[in-house]
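Undergrad: Got a predicted structure plus its sequence, pasted below:
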Amino acid sequence: MMYMNVEKKRMLNPSRRWLSSERVAIRVLEDLGYNILDVRKRIVINDTVVGEVDAIVDDGAGQTFAVEIKAGKIDVSGIRQAYVNSVILGMKPLVICKGFADDAARELAEKLGVKIIQLSDVFLVESEELETVLREVIEDAIAEYFEVFYGMVHNINPSYLEVLKAIAETTAIDEAAERLGVDVHTLMKKVDEIRNAGVIPRWARRYTALKRIAHLFIQRQNIFKLMDDITKHYELLKSIEQQLNQLTQQLSAIHKHVSRMQTSLQQLST
């Protein structure tokens, strides 16, 4: 079995450990039914970055959460920071961690209404199984994007295309919503409508995944447009070729007629 003893765990690079926790946390949120709207969202006040939250999620019922992800246990300071960030952003606070550092942190979370999702402290997996799982995940991901690319509808509602372009050209859901002149909740409802129409696959929940799908769709549209243009030019060339053939035949007929006239004139002159 793969495991990590205390000494090895202490040697693990903190940033790499946090990134691993982030990936696990995002997957847990998706499995719980949350829509991932943004990750590593900067908090800006008067054009100054004053902080950052790890993720912005929507529960599908109109509630938006500012999410803090902790690789270990959450303490009082972490609870307080998560709450303050959520208040600044006008959202509800949510923390994913491996439990509370002490009772004070638990009591403060309850008092401030900070939602806590606890992760297991240890994930055990056979090394051979891990390699197989990773390979299957990568292969499935590639296959899913190929299926999306080749299975997309050719023509869609113009309003859907407008939304996809906004998503493809922005870095966060709130930026896309601002570009479209709507709020985030309205945009997410529109995204769900596009998803129900079969344009966006149901597994694409994170904004980064939505961006990839939007890019794929736009590129596919561009390819189809290029193919249509090539077809039109090919048909135009064929039409020109037919006209040239007809003109050649007419010139040949004229040439024959002129030759006959010349022969007749020569006969008359003699």
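TA: Right, received. Where do you want to start? Numbers count the residues shown, from 1 in each chain.

Undergrad: tell me the average confidence for the longest helix anywhere in the chain?
TA: Taking DSSP state H as the criterion, the chain has its longest helix at helix 207-269. Average pLDDT, helix 207-269: 80.

Undergrad: Do me a favour and get the end-to-end distance for stretch 59-73?
TA: Distance between the two ends of stretch 59-73: 24 Å, counting by CA to CA, to the nearest Å.

Undergrad: List the buried residues of that stretch.
TA: Neighbour-count burial for stretch 59-73 flags Asp59, Thr64, Phe65, Ala66, Val67, Glu68, Ile69, Lys70, Ala71, Gly72 (criterion: 16 or more other CB atoms under 10 Å). The C-beta positions use only the backbone N, C-alpha and C, and glycine is treated the same way.

Undergrad: is the nearest residue in space to Asn35 that is not next to it in sequence in a bridge, and if so with what?
TA: The shortest distance from Asn35 to any non-neighbouring residue, by CB to CB, 6 or more residues apart in numbering, is to Asp58 (4.4 Å). Note on Asp58: beta-bridge partners by DSSP bridges are Asn35, Thr64.

Undergrad: count of residues packed around Asp58?
TA: Neighbourhood size, Asp58 [other CB atoms under 10 Å]: 20.

Undergrad: my read: it touches Thr186, true?
TA: No. Contact criterion CB atoms under 8 Å: Asp58 and Thr186 do not qualify, at 11.7 Å.

Undergrad: Just the closest of the buried residues of stretch 59-73 to Val44, please.
TA: Closest to Val44 out of these is Ala66 (13.7 Å), distances taken as CB to CB.

Undergrad: separation between that closest one and Leu216?
TA: Here Ala66 is placed at a distance of 30 Å from Leu216 (CB to CB, to the nearest Å).

Undergrad: still on that earlier bit, the longest helix of the chain: how far from the chain's middle?
TA: 41 Å (CA atoms, centre = their mean, to the nearest Å).

Undergrad: any chance you could map the strands in the protein?
TA: Secondary structure of the chain by DSSP state E: the strands cover 35-45, 48-58, 64-69, 92-97, 115-118.

Undergrad: can you put these in JSON lines and add mean pLDDT and distance to Ile194?
TA: Shown next, in JSON lines, are the strands of the chain (pLDDT from 0 to 100; distance: least, CB to CB, whole Å):
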{"stretch": "strand 35-45", "mean pLDDT": "87", "distance to Ile194": "13"}
{"stretch": "strand 48-58", "mean pLDDT": "89", "distance to Ile194": "16"}
{"stretch": "strand 64-69", "mean pLDDT": "94", "distance to Ile194": "20"}
{"stretch": "strand 92-97", "mean pLDDT": "94", "distance to Ile194": "26"}
{"stretch": "strand 115-118", "mean pLDDT": "92", "distance to Ile194": "28"}
